[in-house]
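Peer 1: quick one: sequence plus predicted model below, questions after.
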Amino acid sequence: MSSILTVIEKLKLNVSNIEDVPESFSSDVYKLTLASGENVYVKIPFNIDKLFREFQILETLKGVIPVPKVLDIWYGDESNTGALLLSAIQGMPCTGDMDEKLSFQIGVYLAMLHEVKTPGYGYHVTDGFKLLDQNNWRLHIKSNFEKWKEPCKEILDSELYERCIHHFDGVFAALPDPDGPCIVHMDFRPGNIMVNGNEVAGIIDFESARGGSSEIDFTKVNRYIWEDNPRTKLPFIEGYQSIRPMLALEKVLPFYDFYDAFNAVVWCKNRGIEKNRTFLQENILILRNSVGY
């Protein structure tokens, strides 16, 4: 709580109420009611890189798709990473039933996001845009997996781990050429899609967004939308294709489902196994299914 009080003081806000926002897994998010009665949000990112990344992406997307407006930014000090003051989007997270119309619209907005080109494969940092090594998305994916091997080895049972290592080589080699570079959200799931009735009100949480290949954004769409409600898949794809061509999903989805789960195991290790045990078990099950173990 001390960090939000510091931010309120630094941004000179006159606040009548502070609410913690649950389901924010990386950054700390607070809903503030100002003395004027207006609701705003403060986002205190996990590190300074996420602060700049989200700020630059939100500025880029202004007027392109509905996203929160950056009302103010504090760049932090020696003991605080800084904070973004964001406008409220009038809606609720899209975690309930989704009909075909809404699914079509979400597909449209994801395609509109992917139509925004970036200077290369990379991400915003404090002093500009940092390109990935050799500006190569496939090399980036492979090097990430190499980095994750050691921490995963400590968590996974040895048989599952060995199968994962062997599985990666086969599915990675079968990937088509990457798409992009374009803006990719990296966490495009129902909790980050705000809706008002069956209309999209806005897309939130761009702290991990970067210049990448559009293929990676279908991972959580598949897991949390299509697998949960298969009838949403066709209208979603139709919505997406009304803006830009759809890539070969059957080639990329199995790989990214596996890749994302392997990454999630490392995330749980870094952020605390005990408090993230349910999420860890969910991803270990995905790995087991991916490798047939």
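Peer 2: Nice, I can see it. Numbering: from 1, shown residues only.

Peer 1: so Y161, which state does it fall into?
Peer 2: Following DSSP: H, G, I helix; E, B strand; the rest coil, Y161 is assigned to helix.

Peer 1: nearest spatial neighbour of it, chain-adjacent residues omitted?
Peer 2: Nearest non-adjacent residue to Y161, counting by Cβ to Cβ, 6 or more residues apart in numbering: K153, 5.4 Å away. The way it works is simple: take the backbone N, C-alpha and C, and place the C-beta from them, glycine included.

Peer 1: the one you found contacts C164, doesn't it?
Peer 2: No: counting by Cβ atoms under 8 Å, K153 does not reach C164; the two are 9.6 Å apart.

Peer 1: now the residue nearest to Y161: which helix or strand?
Peer 2: Applying DSSP states H and E as the criterion places K153 in helix 137-155.

Peer 1: where exactly do the strands run in this protein?
Peer 2: For the chain, applying DSSP state E gives strands covering 15-20, 28-34, 39-44, 70-74, 83-87, 92-93, 122-125, 128-131, 182-184, 193-196, 199-203, 210-212.

Peer 1: please report how far the residue nearest to Y161 lies from R288.
Peer 2: Plainly put, K153 is 16 Å away from R288 if you go by Cβ to Cβ, to the nearest Å.

Peer 1: and the contacts of stretch 70-89?
Peer 2: Contacts to stretch 70-89, defined as Cβ atoms under 8 Å, 6 or more residues apart in numbering, come from residues 3, 6-7, 10-11, 13, 31, 38-48, 50-51, 54-55, 58-59, 66, 68-69, 194, 201-202, 204.

Peer 1: ok, the residue lying closest to S213 once chain neighbours are set aside - contacts?
Peer 2: The shortest distance from S213 to any non-neighbouring residue, by Cβ to Cβ, 6+ apart, is to P178 (3.7 Å). Residues near P178 by Cβ under 8 Å, 6+ apart: 137-138, 213, 215.

Peer 1: and the residues you listed, which of them are buried?
Peer 2: Buried subset of those (neighbour count, 16 or more other Cβ atoms under 10 Å): 137, 213, 215.

Peer 1: what residues does the first one make contact with?
Peer 2: Residues touching W137, when contacts are defined by Cβ under 8 Å, 6+ apart, comprise 121, 178, 180-181, 212-213.

Peer 1: tell me the one of those residues nearest V21?
Peer 2: G212 (26.4 Å; Cβ to Cβ).

Peer 1: that closest one: neighbour count?
Peer 2: 26 (other Cβ atoms under 10 Å).

Peer 1: got a list of what it touches?
Peer 2: Residues in contact with G212 (Cβ under 8 Å, 6+ apart) are 121, 137, 180-184, 186.

Peer 1: now the two most distant members of the contacts of P178.
Peer 2: Longest span within the contacts of P178, Cβ to Cβ: R138 and E215, 10.8 Å.

Peer 1: state the distance from the nearest residue to E54 once chain neighbours are set aside to P22.
Peer 2: In space, E54 comes closest to E207 once its chain neighbours are excluded; the distance is 4.5 Å by Cβ to Cβ, 6+ apart. For E207, the distance to P22 (Cβ to Cβ) stands at 17 Å.

Peer 1: which of these two has more neighbours?
Peer 2: Shown here are E207 and P22; by other Cβ under 10 Å, E207 has more neighbours (24 against 7).

Peer 1: run through the residues that contact the more buried one.
Peer 2: Contacts of E207 by Cβ under 8 Å, 6+ apart are 26-27, 43, 45-46, 50-51, 53-54.

Peer 1: can you tell me which of those is nearest N263?
Peer 2: Ranked by distance to N263 (Cβ to Cβ), the contacts of E207 are led by S26 at 13.1 Å.

Peer 1: pLDDT score for the closest one?
Peer 2: In this model, S26 is scored at 71, pLDDT.

Peer 1: cool, N47 as well?
Peer 2: At N47, pLDDT is 87.

Peer 1: do the same with Q134
Peer 2: Among the per-residue scores, Q134 holds a pLDDT of 96.
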